[in-house]
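Novice: Sequence plus predicted model, see below.
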Amino acid sequence: MIYENNEPIPDNATKLGFTSFEHVYDITNRRSSIKWLIGSVMLIIAVLCVPWTQNVKGTGQLTSLLPENRPQAIQSIIAGRIEKWYVSEGQRVNKGDIILHISEIKDEYFDPNLLDNVQNQIQQKESSVGSYMQKVSALDKQIDALNQNLVLKLSQQKIKIQQLQIKITTDSNEWMIAKKNLGIAEDQYKRFDELFQQGLISKTDFEQREVTLQNSRAKTLDFENKLMMARQESINARTELQTIAMEYQEKINKGESEKFSALSAMYDTESQVTKLQNSYANYNARTGMYYILAPQDGMITKAQINGIGETIKEGEEIVTIMPIQSDLAVEMYVAPMDLPLVQINEKVRFIFDGWPSFFFSGWPGVSYGTFGGKIVAIENNISPNGKFRILVAPDNAEAEWPSGLRVGGGAHGIALLNDVPIGYELWRQINGFPPDYYQAEKVTNSIK
């Protein structure tokens, strides 16, 4: 049936064969639209109230918790020429196994009898030290003998001086007696002279008295001369006492000078012996450095130097070894803004390269294929990449990390923070506020 445009459509149009009206929404059905709107709002509100775990993400790589278990480069302590390789890349070695043999390239170590020659020099110098010690001992005995002789000579000279002093006293007394006798003889001569002038005595008696006077004068002069000689001898003895002391002191000083010269030569020789012994120890240690040994059990991963006959420098890397035992940890980097949010002992979830996982950062409970960790160290200095480095060890309360992990593999970490509603998280993200975080519980162990 055909209707004109200006004619109304009857209510029973569908019944008149217009089936398209069955598929047209009836705008007059407001009750159904309100239900849909209320349901949608309630669903959104419910979603906004769903708990969401705030997190801080970071990327890093696997490493070892102990520095000694990380890949390390083996270096040569001395310069040398490669003579023989004992290992190949990928080969497992044990601690002490020979990796490489090098030969000497410095001319001062070319002598094949270097150690024997140095040892002979040491023995000769030690013999010289012994000779100097004997000389010092002999000089000590000589000095002791001179000191003893000095004491003896001084004692003898002092006794001689005492004897001369006694002799001076005796001669002085005799001289005084002689002078007194001379005075008596002169008085008697005067009296005899008067008597002879008076004629009371003979000339013979007068002459005898004159002879007596001359004898008294001669004796007086003789005793005076003896006294003067004794005094001179005493002066000479005292002078000789000082001379003896000076002579012996000179000899003693000369002996001590020779002794100190011998000691100086001995100490200088001992210093030379010490230097030679040090050189011998260095040469002996250097001979043990011609064979480069493995510092620990590990796997040879890469050779930095190739071929035979190449020369290597001191401290140059030769090969890289990967230790067998390694306590795996993750070396993760976080942005400076997120650094205050991470704490020691805080839990972290990891996704390792090569290990498929299904992870929701906000809902860790429904994630699959992730592994737990715990923060053990946080660096205070920023790294060259502009982020801070943290170390995360496996969490013993979680499942073990895969055994196939290797040092250097990539890892993506998510540090879990507070649980907040999704609505709050969206509001925080829109406003650029930092996430909430909790302080890790500190456990203090008291040791009694």
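Specialist: That came through, no problem.
Novice: For this structure, give the strand that spans the most residues.
Specialist: Counting by DSSP state E, the longest strand found in the chain is strand 51-64.
Novice: Check which element follows it along the chain.
Specialist: Moving toward the C-terminus from strand 51-64, the first helix or strand encountered (DSSP states H and E) is strand 72-75.
Novice: In terms of secondary structure, what does that next one contact?
Specialist: Using 3 or more Cβ pairs under 8 Å, 6 or more residues apart in numbering; DSSP states H and E as the contact criterion, the neighbours of strand 72-75 among helices and strands are strand 317-323. C-betas here are computed from N, CA, C, even on glycine.
Novice: what lines up beside the strand it packs on in the sheet?
Specialist: Partners of strand 317-323 in the sheet, by DSSP bridges, are strand 72-75 (antiparallel), strand 298-303 (antiparallel).
Novice: what comes up buried for the next helix or strand after the shortest one?
Specialist: Right, strand 72-75. Using DSSP H and E, the helix or strand that follows strand 72-75 towards the C-terminus is strand 80-85. When neighbours are counted by 16 or more other Cβ atoms under 10 Å, the buried residues of strand 80-85 are found to be 80, 82, 85.
Novice: Same check on stretch 184-203?
Specialist: So for stretch 184-203, counting by 16+ other Cβ under 10 Å, buried means 185, 189, 192, 196, 201.
Novice: if I pick the fourth one, what's in contact with it?
Specialist: So that's residue 196. Residue 196 is in contact with 202-203, 205-206, counting by Cβ atoms under 8 Å, 6 or more residues apart in numbering.
Novice: mind putting these in JSON lines, pLDDT, distance to residue 222 and secondary structure included?
Specialist: Listed next are the contacts of residue 196 as JSON lines, based on pLDDT from 0 to 100; distance: Cβ to Cβ, whole Å; DSSP: H, G, I helix; E, B strand; the rest coil:
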{"residue": "202", "pLDDT": "76", "distance to residue 222": "30", "secondary structure": "coil"}
{"residue": "203", "pLDDT": "76", "distance to residue 222": "28", "secondary structure": "helix"}
{"residue": "205", "pLDDT": "76", "distance to residue 222": "26", "secondary structure": "helix"}
{"residue": "206", "pLDDT": "73", "distance to residue 222": "25", "secondary structure": "helix"}
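Novice: Identify the residues contacting residue 72.
Specialist: With contacts defined as Cβ under 8 Å, 6+ apart, residue 72 is in contact with 295, 320-321, 323.
Novice: how about a cut-off of 10 Å?
Specialist: 295-296, 298, 317, 319-323 (Cβ atoms under 10 Å, 6 or more residues apart in numbering).
Novice: Please indicate which of those are buried?
Specialist: 298, 319-323.
Novice: now the helices for the stretch 101-250 of the chain?
Specialist: For the stretch 101-250 of the chain, applying DSSP state H, counting those that start in this stretch gives helices covering 114-198, 203-287.
Novice: Packing partners of the last one?
Specialist: What it means is helix 203-287. Helix 203-287 makes packing contacts with helix 114-198 when contacts are defined by 3 or more Cβ pairs under 10 Å, 6 or more residues apart in numbering; DSSP states H and E.
Novice: just to revisit the earlier point, can I get the strands paired with strand 317-323 in TSV including distance to residue 101?
Specialist: Written out in TSV, the entries for those read as follows (distance: least, Cβ to Cβ, whole Å):
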stretch	distance to residue 101
strand 72-75	14
strand 298-303	14
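Novice: Which among those is found nearest to residue 273?
Specialist: When the strands paired with strand 317-323 are ranked by proximity to residue 273, the top entry is strand 72-75, at 33.2 Å, counting by Cβ to Cβ.
Novice: what about residue 220, neighbour count?
Specialist: Here the number of neighbours of residue 220 (other Cβ atoms under 10 Å) works out to 21.
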